[in-house]
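K.L.:
What would the 3D arrangement of this be:
(one chain, ligands or ions: 3)
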Amino acid sequence: MADYDMIVRGGTIATASDVFRADLAIRDGLVAAVGENLGTSAEVIDASGMLILPGGVDTHVHLEQTGLGPEMCDTWESGTASAAAGGTTTVVCFAWQPKGGSLAAVAADYRIKAQKARVDYSFHLTVTDPTPEVLEVELPQLIAEGCRSVKVFMTYDGVRLDDRQVLRVLAAARRNEALVCVHAENHDLIAWLTEQLVSAELTVPKFHAYAKPMIAEREAVYRIISLAEALDVPIQIFHVSGAQSAEEIARAQARGLKVWGETCVHYLTLTAADLDRPGFEGAKYIFGPPARTEADQEALWGYLKRGVIEVISSDHSPTRFDDPKGKKFAGDPAPFNKVPNGIPGLAARLPVLFTEGVSKGRIDLQTFVRLTSTNPAKLFGLFPQKGSLAVGSDADFVIWDPEKAVTLTNALMHHGGDYTPYEGYRTQGYPVATYLRGHKVFDGETVVGAAGGGRFIAREPYPMITPLQRFPTPFNAVDGTLT
Ligand code: URP
Ligand code: ZN
Ligand code: ZN
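P.N.:
Numbers count the residues shown, from 1 in each chain. Ligands and ions are numbered 1, 2, ... in the order given. Below you'll find the model as predicted:
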């Protein structure tokens with residue numbers, strides 16, 4: 001009998017801290033050994049000249065989700081095919097409470113839908129209506145079941161919470177040991193600017209960026225940091241789009257607060273000018289917050305290198321373009337404020353970031369692994385099962401050709417969408433195979449992972465999100481105690 005089920009031989013392993021030549025041995029879906037001359041194996045994979053990376057962990061993915069208006073064009077089945085094709089083996093998606101409805105019912109339904117997943121997954125809990133039932137019964141139960149992160153919106157009609165409601169959610173998250181993730185933009189400023197733009201008949205896609213300026217994001221980032229500081233609650237700011245928001249996060253971190261930042265590949269590669277493409281093409285680039293300027297991109301690379309922003313996600317939130325259920329929901333053309341927000345990005349995340357970051361010399365390989373796999377796994381309580389190639393971790397890995405040049409097309413995204421914002425983009429670096437718990441799910445061309453091959457990952461409490469025990473006054477407002 002062979003020592004192992006599989007040995008990946010001849011490659012260079014890259015982790016969050018090191019890059020080294022070693023073979024990787026797998027038994028029962030786990031990493032069993034890392035080193036040289038490991039022994040016998042039922043299967044040997046030749047990875048000469050290739051990198052071996054931990055599977056990507058994408059902690060901001062919208063699949064088959066209700067709540068954002070028009071229909072999403074990715075199911076669990078198609079969306080996780082796209083993940084596998086892009087080298088991602090774990091996604092965290094959103095069980096989204098309908099206004100006035102039950103979060104628990106949606107989460108139960110989402111658990112059923114997710115049984116079609118081809119990669120592993122967990123859930124964030126989006127709270128749009130923090131009723132006593134949700135805060136005191138449903139959230140504690142769902143968090144205990146392993147959905148250890150809560151999402152709140154500070155903007156978007158129908159889903160946003162006011163500050164008092166946000167405080168209630170923060171308090172519930174602290175009591176139940178969950179991380180709070182925030183979409184931070186000033187709702188009233190955006191609403192008023194939108195009214196003004198529409199009154200002035202300035203409604204083509206480029207005005208989306210005028211309606212959602214950096215200042216609207218920066219103000220909300222500062223406000224949510226302040227609210228979280230007042231209640232001593234760890235938070236992650238989602239989709240940091242530019243320098244000013246990152247600066248607020250850096251200031252919070254300098255004060256010792258548990259505030260983390262996420263950005264997305266599109267904020268490093270697209271700008272507001274993409275909204276001004278001819279005709280209605282700009283609608284393909286409508287997402288919130290919008291892409292900013294090249295100066296913001298440069299600043300974001302700096303914040304990534306300094307570790308102020310620790311996670312790069314896709315915010316994969318796809319609607320089709322040429323479709324009355326998608327970007328053309330309100331017509332063709334439609335005013336920017338009627339176009340659904342969101343773009344696809346799951347499959348493109350790692351190849352585009354590798355090209356822009358590693359191949360162009362902006363970040364090293366370890367930083368790439370940290371930002372796209374290890375850090376999100378740590379921050380969301382998935383580590384070391386995910387985000388690692390240490391002995392005992394799940395054998396989720398990508399065989400990555402660091403030189404492979406691919407011209408991206410929509411077909412290569414393996415998703416349900418009819419476009420990619422990266423059509424025609426030339427990569428330097430691409431996954432040639434993706435493995436989930438030792439099973440191949442992408443062979444470099446075809447997604448071979450079965451629908452239903454993914455597993456739900458329950459997340460236990462973890463020290464990273466333990467509060468600081470630091471309140472602005474001696475009053476612990478969450479527990480109602482005086483210290
Ligand atoms: O435009 C975006 N980002 N759509 C997805 C929902 C969200 O805000 O994360
Ligand atoms: Zn958001
Ligand atoms: Zn999102």
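
K.L.:
The stretch 1-150 of the chain against ligand 1: which residues are in contact?
P.N.:
When proximity is defined as CB under 6 Å from any ligand atom, the stretch 1-150 of the chain approaches ligand 1 at 62, 68. Just so you know, the C-beta spots here come from the backbone N, C-alpha and C atoms, and that holds for glycine as well.

K.L.:
Give me the below-cutoff pLDDT ranges for the stretch 1-150 of the chain.
P.N.:
Within the stretch 1-150 of the chain, no stretch falls below the threshold (pLDDT under 70).

K.L.:
could you pull out the strands for the stretch 301-450 of the chain?
P.N.:
309-313, 397-401, 430-436, 439-442 (DSSP state E, counting those that start in this stretch).

K.L.:
I'd like to know which elements the longest one is packed against.
P.N.:
So that's strand 430-436. Contact partners of strand 430-436 among helices and strands, from 3 or more CB pairs under 8 Å, 6 or more residues apart in numbering; DSSP states H and E: helix 76-85, strand 88-96, helix 349-353, strand 397-401, strand 439-442.

K.L.:
Just the element for the residue in the stretch 151-300 of the chain positioned nearest to ligand 1, please.
P.N.:
With CB to the nearest ligand atom, the shortest gap between the stretch 151-300 of the chain and ligand 1 falls at Phe287, namely 3.4 Å. Following DSSP states H and E, there is no helix or strand that holds Phe287.

K.L.:
Ramachandran angles for it?
P.N.:
Main-chain torsions, Phe287, degrees, to the nearest 10: phi -150, psi 160.

K.L.:
Of the strands of the stretch 301-450 of the chain, which is nearest ligand 1?
P.N.:
Using CB to the nearest ligand atom, those put strand 309-313 closest to ligand 1, at 9.5 Å.

K.L.:
how far does that closest one sit from the chain's center?
P.N.:
A distance of 8 Å separates the C-alpha centroid of strand 309-313 from that of its chain, computed with CA atoms, centre = their mean, to the nearest Å.

K.L.:
do it and ligand 1 meet?
P.N.:
No. Judged by CB under 6 Å from any ligand atom, strand 309-313 makes no contact with ligand 1; its nearest approach is 9.5 Å.

K.L.:
rewinding a little: in TSV: the strands of the stretch 301-450 of the chain, plus mean neighbour count and mean pLDDT.
P.N.:
Below are the strands of the stretch 301-450 of the chain laid out as TSV (neighbours: other CB atoms under 10 Å; pLDDT from 0 to 100):
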stretch	mean neighbour count	mean pLDDT
strand 309-313	26	98
strand 397-401	25	99
strand 430-436	25	98
strand 439-442	23	98
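
K.L.:
I'd like these laid out as CSV, including distance to Phe380.
P.N.:
Below are the strands of the stretch 301-450 of the chain laid out as CSV (distance: least, CB to CB, whole Å):
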stretch, distance to Phe380
strand 309-313, 9
strand 397-401, 19
strand 430-436, 18
strand 439-442, 21
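
K.L.:
Quick one: closest of the ones you listed to Asp120.
P.N.:
Among those, strand 430-436 comes nearest to Asp120, with 6.6 Å by CB to CB.

K.L.:
centre of the chain versus that closest one, how much separation?
P.N.:
19 Å.

K.L.:
before we move on, what about stretch 318-330?
P.N.:
Taking mean C-alpha positions (CA atoms, centre = their mean), stretch 318-330 and its chain are 22 Å apart.

K.L.:
hmm, back to that, with respect to burial, which of the helices and strands packed on strand 430-436 scores highest?
P.N.:
Among these, ranked by average contacts under mean count of other CB atoms under 10 Å, first place goes to helix 76-85 (a mean of 30).

K.L.:
Using PDB, list the CA coordinates for that one.
P.N.:
Only the C-alpha atoms of helix 76-85 are listed here, as PDB (Å, rounded to 0.1, in the frame of the first residue of the first chain):
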ATOM      1  CA  TRP A  76     -24.000  28.100  -6.700                       C
ATOM      2  CA  GLU A  77     -23.200  25.700  -9.400                       C
ATOM      3  CA  SER A  78     -22.000  28.200 -12.000                       C
ATOM      4  CA  GLY A  79     -20.400  30.600  -9.600                       C
ATOM      5  CA  THR A  80     -18.300  27.900  -7.900                       C
ATOM      6  CA  ALA A  81     -17.300  26.600 -11.400                       C
ATOM      7  CA  SER A  82     -15.900  30.100 -11.900                       C
ATOM      8  CA  ALA A  83     -14.200  30.000  -8.600                       C
ATOM      9  CA  ALA A  84     -12.400  26.700  -9.500                       C
ATOM     10  CA  ALA A  85     -11.400  28.000 -12.900                       C
END
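
K.L.:
Give the other helices and strands that it contacts.
P.N.:
On the basis of 3+ CB pairs under 8 Å, 6+ apart, helix 76-85 makes packing contacts with strand 56-61, strand 88-96, strand 430-436, strand 439-442.

K.L.:
Which secondary structure state is assigned to Gly69?
P.N.:
At Gly69 the chain is in coil, as set by DSSP: H, G, I helix; E, B strand; the rest coil.

K.L.:
Give me every residue in the stretch 151-300 of the chain lying close to ligand 1.
P.N.:
183, 239, 287-288.

K.L.:
Export these to TSV and append columns for pLDDT and neighbour count.
P.N.:
Formatted as TSV, these follow (pLDDT from 0 to 100; neighbours: other CB atoms under 10 Å):
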residue	pLDDT	neighbour count
His183	98	22
His239	98	23
Phe287	98	25
Gly288	98	21
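
K.L.:
for the stretch 351-483 of the chain, what are the low-confidence residue spans?
P.N.:
In the stretch 351-483 of the chain, no residues with pLDDT under 70.

K.L.:
where exactly do the helices run in it?
P.N.:
Counting by DSSP state H, counting those that start in this stretch, the stretch 351-483 of the chain has helices at residues 365-369, 375-379.

K.L.:
what does the first one rub up against?
P.N.:
For helix 365-369, the surrounding residues in contact (CB atoms under 8 Å, 6 or more residues apart in numbering) are 14-19, 51, 53-54, 304-305, 353-354, 357-358.

K.L.:
mind redoing it with 10 Å?
P.N.:
With contacts defined as CB atoms under 10 Å, 6 or more residues apart in numbering, helix 365-369 is touched by 12-19, 51, 53-54, 56, 304-305, 307, 312, 350, 353-354, 357-358, 362, 374-375, 387-389, 400, 402, 429.

K.L.:
Report the buried members of those.
P.N.:
Buried members of those, scored by 16 or more other CB atoms under 10 Å, are 12-16, 51, 53-54, 56, 304, 312, 350, 353-354, 357-358, 362, 374-375, 387-389, 400, 402, 429.

K.L.:
what helices or strands is the longest helix along the chain leaning on?
P.N.:
When every helix of the chain is counted residue by residue (DSSP state H), the longest turns out to be helix 214-231. Secondary-structure packing of helix 214-231 (3 or more CB pairs under 10 Å, 6 or more residues apart in numbering; DSSP states H and E): helix 163-176, strand 179-183, helix 187-199, strand 235-237, helix 243-254, strand 259-264.

K.L.:
Which positions in the fifth one come out as buried?
P.N.:
To tie it back to what came earlier, the one meant is helix 243-254. 243-250, 252-253.

K.L.:
So the residue of the stretch 151-300 of the chain closest to ligand 1 sits against Phe336, correct?
P.N.:
No. With contact defined as CB atoms under 10 Å, Phe287 does not count as touching Phe336 (11.6 Å).

K.L.:
and for those two, which residues touch both?
P.N.:
With CB under 10 Å, 6+ apart, Phe287 and Phe336 have common neighbours 208, 212, 275.

K.L.:
Confirm that the first one sits in a helix.
P.N.:
Okay, so that is His208. Yes. Per three-state DSSP, His208 lies within a helix segment.

K.L.:
No further queries at this time; thank you.
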